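Chemist: After the sequence you'll find the predicted model.
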Amino acid sequence: MARFKETVVTIPLSGFVSGGVAFTGGTLISLWVPTVTSVQMFVQVPPGSLDQASASWVRLQNALGSGDFTIAAGPGSKAFTLTDVLKDIPYFRFESSLAQSAVRSLALMSKYGDLATGGPLA
């Protein structure tokens, strides 16, 4: 049977960037964003996605390479699928286009194990 895990990252009061996420061994399914100040959310990755301690994080490009990958978040909760976007990226964090007026917790839901067979992910 597949197992699901929730990972919570926060954007601090008056902050723009969440803590980093080390994501290995599972399949990312979704991001749940609570009520936030209306923003565009960006995904940042460290150089080569290997050095989480680096200060040189960069925004992830969209699949077409024509701009930053963005998530439109605003009043009211929203959920986003990120499986295709982050499937091969072990470290990432989230950036808000505006400082948040309160601490914001973002929930990442991930799957470990295959839903159909109950075995490990291939």
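Modeler: It's in. Residues are numbered from 1 along each chain as shown.

Chemist: residues in contact with the closest residue to T10 other than its chain neighbours?
Modeler: Leaving out its chain neighbours, the residue that sits closest to T10 by Cβ to Cβ, 6 or more residues apart in numbering is S105, at 5.1 Å. (Glycine included, C-beta is placed from N, CA and C.) With contacts taken as Cβ atoms under 8 Å, 6 or more residues apart in numbering, S105 has the following neighbours: V8, V9, T10, P34.

Chemist: try S110
Modeler: Counting by Cβ under 8 Å, 6+ apart, S110 touches F4, K5, E6, T7, F23, G26, T27, L28, I29.

Chemist: Export whatever helix or strand D84 lives in to PDB, keeping only CA atoms.
Modeler: For D84, the host element (DSSP states H and E) is helix 83-86. Coordinates of each C-alpha in helix 83-86 appear next as PDB, following Å, rounded to 0.1, in the frame of the first residue of the first chain:
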ATOM      1  CA  THR A  83       4.600  16.000  -9.900                       C
ATOM      2  CA  ASP A  84       5.900  16.800 -13.400                       C
ATOM      3  CA  VAL A  85       7.600  20.000 -12.400                       C
ATOM      4  CA  LEU A  86       9.800  18.800  -9.600                       C
END
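
Chemist: From the contact counts, what lies against that helix?
Modeler: Packing contacts for helix 83-86, counted by 3 or more Cβ pairs under 8 Å, 6 or more residues apart in numbering; DSSP states H and E, involve strand 27-33.

Chemist: so how far is the strand it packs on from its chain's centroid?
Modeler: On the basis of Cα atoms, centre = their mean, to the nearest Å, strand 27-33 sits 7 Å off its chain's mean C-alpha point.
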